[in-house]
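[1] got a sequence here, can you model it:
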Amino acid sequence: MKKLIFIFVLLGMFSCSDYIDKPKNLIDKDVMAEIIADLAINDQAIFVYPDKNMEAGTRAVLKSHKVKSDDFVESFKYYVIKEEMDGITNDAQEILLRKDPKADKYVKDKLKQNGAVVPLVR
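    Below you'll find the model as predicted:
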């Protein structure tokens, strides 16, 4: 009886190794961070062009990185479930700050004003 329980416990441990299978066309974390940074810039265009459809901009961002939308969605889901999205979004924010030095200065000034160091993304 003890052997049978031991076998079931072992089977239970090995069967729960992954919640999601790795996508066939998984996007690398660095590329994912670059895409998210570009999508954030595209998202801000809605303030400049409020009456425009931003879907074309999203497609252009994915096309510039040679990524299909289905691959992006599957990779996004995979990284969220694997709890790796925080690191990717932090990398994306660092990319944004490198692209725009004024934004970097703005963030640093706000941190000095508040007197507290807050995490980049939460």
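[2] show me how far the lengthiest helix in the chain is from its chain's centre.
    Determined from DSSP state H, the single longest helix within the chain is helix 29-48. The chain centroid and the centroid of helix 29-48 are separated by 10 Å under CA atoms, centre = their mean, to the nearest Å.
[3] pLDDT below threshold where in the chain?
    1-4, 6, 8-19, 115-122 (pLDDT under 70).
[4] can you give me the strands for it?
    Taking DSSP state E, the chain contains no strands at all.
[5] where along it do the helices fall?
    2-15, 29-48, 55-64, 69-81, 85-99, 101-114.
[6] in a markdown table: the ones you listed, plus mean neighbour count and distance to Lys22.
    Backbone N, C-alpha and C define where each C-beta goes, glycine included. A markdown table is the format used below for these (neighbours: other CB atoms under 10 Å; distance: least, CB to CB, whole Å):
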| stretch | mean neighbour count | distance to Lys22 |
| --- | --- | --- |
| helix 2-15 | 9 | 17 |
| helix 29-48 | 16 | 13 |
| helix 55-64 | 14 | 20 |
| helix 69-81 | 16 | 7 |
| helix 85-99 | 17 | 15 |
| helix 101-114 | 11 | 34 |
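[7] what's the closest of those to Asp21?
    Each of the helices of the chain was scored for nearness to Asp21 using CB to CB, and the closest is helix 69-81 (8.4 Å).
[8] export the helices of the chain to TSV and append columns for distance to Pro23.
    Supplementary listing: these in TSV, determined by distance: least, CB to CB, whole Å:
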stretch	distance to Pro23
helix 2-15	21
helix 29-48	12
helix 55-64	15
helix 69-81	4
helix 85-99	14
helix 101-114	32
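[9] show me the contacts for the nearest residue to Ser75 once chain neighbours are set aside.
    In space, and not counting its chain neighbours, Ser75 is closest to Ile27: 4.1 Å by CB to CB, 6 or more residues apart in numbering. Residues near Ile27 by CB atoms under 8 Å, 6 or more residues apart in numbering: Ile35, Val67, Asp71, Phe72, Ser75.
[10] can you add distance to Lys82 and give those residues back as a markdown table?
    Output for the contacts of Ile27, formatted as a markdown table (distance: CB to CB, whole Å):
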| residue | distance to Lys82 |
| --- | --- |
| Ile35 | 17 |
| Val67 | 19 |
| Asp71 | 16 |
| Phe72 | 16 |
| Ser75 | 10 |
